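# coordinates only, sequence not included:
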């Protein structure tokens, strides 16, 4: 096998697929990247696969001889990354030998590879469900919910985001047990009419691990100008295909919790805040809150100002008043400030509504201009007076 390609394109491909190379491989070949070259099409393809997440990308080069080899990912990445930008790089593998010669105008490197026939095949979905998804809608659904997924591996199903693909819109949801983010992206007419939002047996519902979604997010971001990306699903495997890239990932098995039951049907208190002012105030108060428990208290007392405060014992106290639209009795409610900020930062609406009942039951944040498009439920923190 012999190829010549641009250092920049080779480096970008290596950086992309190395995200799917196992950090603690169960077999030596899983620490490698698969490189294949086709002299008929002059296409060079690279693949990383850790048996859960697989990424494949291809680019154009000069292929003098077709072939395939697997190369240690870490070494290859460090070598190519340090070669002069935009210069030609040649890579040659002797027939029946696993020696890889990498040459640039500055010098050469010789690496030991492993034959490609030992490399596991990426799982391709041959039957099952196929969909064309809108990249920008999928990206919006993903970004609106990924932050609320769990980091606790013992809560396996909660370490991902659940996506339900429906005829007129896409629903995504994630929860870590303390908060819940639900986004509805698509046809506004159908989202406003909540009767259409029941799940049908024909809807595709999959839970994709957050780690895989971080890489899928990068692929979809690069392709957001395209009309659609192909999605295939079958037997616990999801494959995303764009023009020159493929990402395949296992899904998280099991039935995702029925999160709609967690959202209260009615609220006795509704507070209307300017989203930007609320975020800025919380960020200032968080300086003190983060010194200890990350708890902030929101207090209402018959004025058009809400008091936001944090008390870090033996360190200090912070308090700020911000405008609020609210008519009702006095009350206090407390939250983890990090949970509030992460949820508020995905709300693009100028104003946000905080809906709650009492200080110990779930509270909900929704954008004022499109109430059903995003719901962020947070469990309050109980604070001793």
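The structure has been received and is ready for your questions. Given the structure is predicted, the values throughout are model-derived calculations rather than measurements.
# lowest-scoring secondary structure element of the protein by mean pLDDT?
The helix or strand of the chain with the lowest confidence, counting by mean pLDDT, DSSP states H and E, is helix 188-192 at a mean of 51.
# chain center to the helix or strand just after that helix, what's the gap?
Per DSSP states H and E, the first helix or strand lying C-terminal to helix 188-192 is strand 204-209. Centroid displacement of strand 204-209 relative to its chain, using Cα atoms, centre = their mean, to the nearest Å, is 13 Å.
# strand 204-209 - which strands sit beside it in the sheet, and in what orientation?
With DSSP bridges as the test, strand 204-209 is paired with strand 160-165 (antiparallel).
# elements contacting the next helix or strand after the partner strand?
Using DSSP H and E, the next helix or strand after strand 160-165 towards the C-terminus is strand 169-175. Other helices and strands packing on strand 169-175, by 3 or more Cβ pairs under 8 Å, 6 or more residues apart in numbering; DSSP states H and E, are helix 135-145, strand 160-165, strand 179-186. C-beta coordinates here come from the backbone N, C-alpha and C atoms, glycine included.
# let's go with 10 Å and repeat that
With contacts taken as 3 or more Cβ pairs under 10 Å, 6 or more residues apart in numbering; DSSP states H and E, strand 169-175 sits against helix 135-145, strand 160-165, strand 179-186, helix 188-192, strand 204-209, helix 210-222.
# to residue 308, which of the ones you listed lies closest?
Smallest distance to residue 308 across the helices and strands packed on strand 169-175 (Cβ to Cβ): 18.5 Å, for strand 179-186.
# within its sheet, name the partner strands of the closest one and how each one runs.
Here, using DSSP bridges, strand 179-186 pairs with strand 169-175 (antiparallel), strand 374-378 (antiparallel).
# got TSV for those, with mean neighbour count, mean pLDDT and distance to residue 156 too?
Compiled in TSV, those are given as follows (neighbours: other Cβ atoms under 10 Å; pLDDT from 0 to 100; distance: least, Cβ to Cβ, whole Å):
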stretch	mean neighbour count	mean pLDDT	distance to residue 156
strand 169-175	23	95	13
strand 374-378	23	96	21
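# got those as CSV, with distance to residue 38 columns?
As requested, the strands paired with strand 179-186 are exported to CSV (distance: least, Cβ to Cβ, whole Å):
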stretch, distance to residue 38
strand 169-175, 36
strand 374-378, 45
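# so the closest residue to residue 344 other than its chain neighbours, which state does it fall into?
Among residues not flanking residue 344 along the chain, residue 279 sits closest, at 5.2 Å (Cβ to Cβ, 6 or more residues apart in numbering). Classification of residue 279 by DSSP: H, G, I helix; E, B strand; the rest coil places it in helix.
# low-confidence ranges, the protein, go.
125-126, 187-202, 223-226, 385 (pLDDT under 70).
# 80 instead, please
By pLDDT under 80, the low-scoring segments of the chain are 95-97, 106, 124-127, 187-202, 222-227, 243, 302, 371, 383-385.
# any chance you could map the helices in it?
Using DSSP state H, the helices of the chain run over 7-17, 73-82, 135-145, 188-192, 210-222, 275-289, 337-344.
# so which of those helices is nearest residue 361?
Of all the helices of the chain, helix 337-344 comes closest under Cβ to Cβ, at 15.7 Å.
# list the buried residues in the closest one.
337, 339, 340, 341, 342, 343, 344 (16 or more other Cβ atoms under 10 Å).
# mind giving me the packing neighbours of that helix?
strand 179-186, helix 275-289, strand 295-300, strand 305-312, strand 331-336, strand 351-356, strand 363-367, strand 374-378.
# which residues are in contact with residue 347?
144, 275, 278-279, 353, 365-370, 373-374, 376 (Cβ atoms under 10 Å, 6 or more residues apart in numbering).
# make CSV out of those residues and add distance to residue 36.
Formatted as CSV, these follow (distance: Cβ to Cβ, whole Å):
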residue, distance to residue 36
144, 37
275, 49
278, 52
279, 48
353, 54
365, 49
366, 49
367, 47
368, 53
369, 50
370, 47
373, 43
374, 43
376, 45
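# now rank these by neighbours and give me the top one.
With neighbours taken as other Cβ atoms under 10 Å, the top of the contacts of residue 347 is residue 376, carrying 27 neighbours.
# excluding sequence neighbours, find me the nearest residue to it.
residue 343 (3.9 Å).
# ok, residue 375 next?
That would be residue 182: by Cβ to Cβ, 6+ apart, it lies 4.6 Å from residue 375.
# before we move on, what about residue 88?
residue 4 (5.6 Å).
# quick check: end-to-end length of stretch 281-300?
15 Å (Cα to Cα, to the nearest Å).
# now that stretch: buried residues?
For stretch 281-300, by 16+ other Cβ under 10 Å, it's 281-282, 285-286, 288-289, 293-300.
# would you mind giving these as CSV with distance to residue 231 added?
Shown next, in CSV, are those (distance: Cβ to Cβ, whole Å):
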residue, distance to residue 231
281, 40
282, 36
285, 42
286, 38
288, 45
289, 41
293, 42
294, 37
295, 41
296, 40
297, 44
298, 41
299, 47
300, 45
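# I'd like to know which of those residues is nearest to residue 228.
residue 282 (37.9 Å).
# the closest one and residue 62, how far apart?
55 Å (Cβ to Cβ, to the nearest Å).
# likewise for residue 286?
54 Å.
# next one: residue 182
Noted for residue 182: a distance of 50 Å to residue 62, by Cβ to Cβ.
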